[in-house]
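K.L.:
Provided below are the primary sequence and the corresponding predicted coordinates.
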Amino acid sequence: MEDAREAAASPQERLASLVKEHQAMLLRVCYAYLCDAEDARDAVQETFFKAYKSFGGFRGECSEKSWLIQIARNTCLDMRRSAWHRRVDRRIRAEDLDSVAHPEAAGEEKELTAAILQLPPKLKDAVILYYFQGLSMQETADILRISQPSVSGRLSRARKRLKAFLEGEGYDER
């Protein structure tokens, strides 16, 4: 029944619904990739613009959430490749986490979030999608365009690095 209502909705109404439902989640995803609150907001806006332009191309092979995350991820990766982004200091500061973290986040959660943001991109991608966004192993694999065992391996390596970092040993360079 909901699909019939969405099909009858205008593109503007559909966009408004997507923004209302997914904006906060996409902001956290984009911040994790870009490490800058303003850039993350720009990326979210660009994500919704791209989604709006691509409504006709959405085949429904995955959830709208997965589709939006994939668009956001690609947008963030494009932004990170830009000359401007490569020349700006992107180290994460604790006060920056307050703008995108949950208001009830404790100090330990902020420390964990900061550690996750310092992971290598491939490991960070898997952690963000699987743990933060609650996607299934298959959805995570589809978005990253890798196999499920590869996702599992990345998550395992990420957990080991995070454990070492949080125990004060720093990251293993492997």
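P.N.:
Looks like it arrived, so ask away. This is a predicted model, so every value here is computed, not measured.
K.L.:
how about whichever strand or helix holds residue 164: buried residues?
P.N.:
Element membership for residue 164, per DSSP states H and E: helix 148-166. If you call a residue buried by 16 or more other Cβ atoms under 10 Å, then helix 148-166 has these buried ones: 151, 154, 155, 157, 158, 161, 162, 165. C-beta coordinates here come from the backbone N, C-alpha and C atoms, glycine included.
K.L.:
can you map out the helices along the chain?
P.N.:
Shown for the chain, the helices assigned by DSSP state H span residues 2-8, 11-34, 37-53, 64-81, 83-86, 94-100, 107-117, 121-127, 137-144, 148-166.
K.L.:
turn these into TSV, columns for mean pLDDT.
P.N.:
As requested, the helices of the chain are arranged in TSV below (pLDDT from 0 to 100):
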stretch	mean pLDDT
helix 2-8	47
helix 11-34	89
helix 37-53	92
helix 64-81	89
helix 83-86	59
helix 94-100	46
helix 107-117	75
helix 121-127	90
helix 137-144	90
helix 148-166	93
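K.L.:
could you check how far the nearest residue to residue 122 once chain neighbours are set aside is from residue 40?
P.N.:
With Cβ to Cβ, 6 or more residues apart in numbering as the criterion, residue 122 has its nearest non-adjacent residue at 5.9 Å, and that residue is residue 154. As for residue 154, its distance to residue 40 is 23 Å (criterion: Cβ to Cβ, to the nearest Å).
K.L.:
show me what contacts the closest residue to residue 25 other than its chain neighbours?
P.N.:
When the adjacent residues along the chain are set aside, residue 25 lies closest to residue 133, with 6.6 Å between them (Cβ to Cβ, 6+ apart). If you count contacts by Cβ atoms under 8 Å, 6 or more residues apart in numbering, residue 133 has them with 25, 29, 65, 69.
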